[in-house]
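1. sequence unknown, structure follows:
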Ligand SMILES: [Zn+2]
Ligand SMILES: [Zn+2]
């Protein structure tokens with residue numbers, strides 16, 4: 001199957017803002033999420049969306065894609081090339097990278113988006129109402145995402161009022177059945193039309209569908225049954241967490257009403273870029289500058305890794321853009337053992353200014369090569 005245009009996949013145009021792009025991606029990712037969407041091609045579409053977002057959300061890759069189309073995203077191009085650049089899987093969702101793909105979804109989506117589409121909507125006012133889901137974003141520094149972290153999140157959510165036990169009444173024992181609808185929450189209205197009498201069922205105006213009357217409202221929640229409270233809890237973000245995933249915390253959303261279940265909290269993870277390093281799955285990519293002499297003669301050079309500086313052997317005759325692999329020097333594997341690898345692309349620096357002495361040596365060199 002021919003690859004579809006990434007803009008088409010995400011339904012956006014070329015001038016899309018980062019925010020709009022992210023929004024389009026999130027909506028589609030939710031729509032095609034294999035836990036949620038049981039159609040046969042949902043997983044393929046989900047991956048297609050991931051891949052398109054991975055490219056279009058990255059300035060460098062987007063530029064390459066705009067210029068060269070799909071061919072432009074196969075690597076940086078040029079001598080040596082970053083052949084393995086796409087091997088790490090897009091956005092960290094590639095099954096090859098992390099084992100069982102469904103496993104990840106369970107972890108990160110909690111087995112589906114069951115309550116996402118606004119539970120309670122369209123239901124009668126009467127029965128239990130599920131509390132709303134909440135959504136928030138946690139921005140991590142690059143290293144926090146690489147090594148994982150334990151942190152606290154703090155937000156406001158509606159908790160069931162403890163003063164009235166969620167009844168909304170000052171004295172829950174004094175809640176009376178509504179006289180007008182006799183507790184049913186609805187009333188039948190009869191109107192005369194030219195077709196004859198028509199009966200319609202409507203929400204009771206006296207109790208607003210509650211079926212009962214609270215004479216004295218709970219002073220703590222003003223009869224609302226829930227109160228806004230600050231929620232603080234500790235979370236553990238796993239090492240290697242991919243940018244753009246959503247972690248679901250069941251029961252951490254708003255409290256339900258009338259015995260309805262509590263909504264969930266959806267925590268979107270955003271990872272800040274690093275000055276030097278770039279993450280692809282568990283692997284780290286970076287550019288490193290060496291002198292033309294080092295490239296020619298070879299040398300041991302010190303290069304930074306996420307674990308600290310290491311010595312890397314540059315072989316003699318190294319060509320510009322050559323990529324060296326530092327095995328096991330990438331980030332800790334996301335839900336796995338050991339580390340990914342680090343790939344170092346060598347940038348060979350040609351001197352722009354030479355001292356008299358250096359010039360002499362280069363000139364001597366010119367005579368012999
Ligand atoms: Zn009523
Ligand atoms: Zn209350």
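-> Thanks, I have it. All values reported here derive from a predicted model rather than from experimental measurement. Ligands and ions are numbered 1, 2, ... in the order given.
2. Name the residues of the stretch 51-200 of the chain found near ligand 1, please.
-> Within the stretch 51-200 of the chain, the positions lying close to ligand 1 (C-beta under 5 Å from the ion) are 178, 180-181. Using the backbone N, CA and C atoms, a C-beta is placed for each residue, glycine as well.
3. Between the residues you listed, identify the one with the most neighbours.
-> The most crowded member of those is residue 181, carrying 21 neighbours; neighbours defined as other C-beta atoms under 10 Å.
4. where's it, which helix or strand?
-> Of the helices and strands defined by DSSP states H and E, none includes residue 181.
5. residues near the residue nearest to it when sequence neighbours are not counted, how many?
-> Sequence neighbours aside, residue 204 is the residue nearest to residue 181 in space, at 3.8 Å (criterion: C-beta to C-beta, 6 or more residues apart in numbering). By the criterion of other C-beta under 10 Å, residue 204 has 21 neighbours.
6. give me phi/psi at residue 204?
-> phi -60, psi 120 (degrees, to the nearest 10).
7. Reformat the residues of the stretch 51-200 of the chain next to ligand 1 as CSV; add pLDDT and distance to residue 137.
-> Formatted as CSV, these follow (pLDDT from 0 to 100; distance: C-beta to C-beta, whole Å):
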residue, pLDDT, distance to residue 137
178, 89, 43
180, 89, 46
181, 90, 44
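8. how about the residues of the stretch 201-350 of the chain that lie near ligand 1?
-> Taking C-beta under 5 Å from the ion as the criterion, the stretch 201-350 of the chain approaches ligand 1 at residues 204, 206-207.
9. Touching, the residue nearest to residue 181 and residue 180? I think so.
-> Yes. The criterion here is C-beta atoms under 8 Å, and residue 204 meets it with residue 180 at 5.6 Å.
10. hey, what's in contact with both of the two?
-> residue 187 (C-beta atoms under 8 Å, 6 or more residues apart in numbering).
11. quick one: residue 168 and residue 218 touch, right?
-> Yes. The criterion here is C-beta under 8 Å, and residue 168 meets it with residue 218 at 5.5 Å.
12. shared neighbours of the two, which are they?
-> 161, 225.
13. where do the strands sit along the stretch 1-150 of the chain?
-> Applying DSSP state E, counting those that start in this stretch to the stretch 1-150 of the chain gives strands spanning 134-140, 149-160.
14. mind giving me a markdown table with those and columns for mean neighbour count?
-> Formatted as a markdown table, the entries for the strands of the stretch 1-150 of the chain read as follows, by neighbours: other C-beta atoms under 10 Å:
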| stretch | mean neighbour count |
| --- | --- |
| strand 134-140 | 15 |
| strand 149-160 | 15 |
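15. Distance-wise, check the closest residue to ligand 1 within the stretch 251-369 of the chain relative to residue 311.
-> At 14.6 Å from ligand 1, residue 258 is the closest residue in the stretch 251-369 of the chain, using C-beta to the ion. With distances taken as C-beta to C-beta, to the nearest Å, residue 258 is found 66 Å from residue 311.
16. Which one's more surrounded, those two?
-> The residue with more neighbours, out of residue 258 and residue 311, is residue 258; 15 against 9, by other C-beta under 10 Å.
17. low-scoring pLDDT stretches of the protein, where are they?
-> For the chain, the stretches flagged by pLDDT under 70 are 1, 68, 71-127.
18. ok, how many other residues are close to residue 129?
-> Residue 129 sits with 20 neighbouring residues when counted by other C-beta under 10 Å.
19. What parts of the stretch 151-300 of the chain come near ligand 2?
-> Counting by C-beta under 5 Å from the ion, the stretch 151-300 of the chain comes close to ligand 2 at 161, 163-164, 218, 220-221.
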